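In: Predicted coordinates and the sequence they were generated for:
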Amino acid sequence: MISSRFRPLGARSALPWALFCALALSLALPACRGRASPDDCAAAAEHYIDLAVRESPNGESLSPAQQAAVREVERGLKRAEPAFRRVQDRCADVTRAEVSCANDSASTGAWEGCFRDAAR
């Protein structure tokens, strides 16, 4: 004889549980996409500008005032880069993995490579 605690669930009692699981899964799936937040995108964009300033001629030896001026020039120039525009204008399309890759980059070329499909 099978104990009542090992009795299989009937279709009636399993239905609410299945609906609950389906609802929980449908709410959790968008979070799994791993989209970047606006703060993530802003940090990645600032890192890109930092890299561009560092890569500029004599970038390491510039005074803070000169660095600020170069930052503004680079910010304007880098708008021509599709990956930079995507991070700034379409953050909702950027993944956390792309932002993580970009923030770990040591050069502007590597940063841009994190957004291979930026032209979409």
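Out: Ah, there it is.

In: Show the pLDDT at the residue lying closest to Phe84 once chain neighbours are set aside.
Out: Spatial nearest neighbour of Phe84, excluding adjacent residues (CB to CB, 6 or more residues apart in numbering): Lys78 at 4.6 Å. Every C-beta, even on glycine, is put in place using the N, C-alpha and C of the backbone. You'll see Lys78 listed with a pLDDT of 94.

In: How many residues are close by Lys78?
Out: Neighbour count of Lys78, defined by other CB atoms under 10 Å: 20.

In: would you list every one of the helices in this protein?
Out: Assigned by DSSP state H, the chain shows helices spanning 11-32, 38-55, 64-78, 82-89, 96-103, 108-113.

In: Give me the helices and strands touching the third one, please.
Out: Looking back up the chat, that one is helix 64-78. helix 38-55 (3 or more CB pairs under 8 Å, 6 or more residues apart in numbering; DSSP states H and E).

In: For the helix it packs on, buried residues please.
Out: For helix 38-55, burial by neighbour count (16 or more other CB atoms under 10 Å) applies to Asp40, Cys41, Ala43, Ala44, Ala45, His47, Tyr48, Ile49, Asp50, Leu51, Ala52, Val53.

In: Surely the third one and Asn103 touch.
Out: Translated: Ala43. Yes - assessed by CB atoms under 8 Å, Ala43 is found in contact with Asn103 at 6.5 Å.

In: ok, Arg71 - contacts?
Out: Arg71 makes contact with Ile49, Val53, according to CB atoms under 8 Å, 6 or more residues apart in numbering.

In: ok, back up a step: out of the buried residues of helix 38-55, who's nearest Asp93?
Out: Closest approach to Asp93 among the buried residues of helix 38-55 (CB to CB): Cys41, at 9.9 Å.

In: in this protein, what spans have low per-residue confidence?
Out: Scanning the chain for pLDDT under 70 picks out 1-33, 117-120.

In: what do you get if the cut-off is 50, keeping everything else the same?
Out: Along the chain, segments meeting pLDDT under 50 span 11, 27-32, 119.
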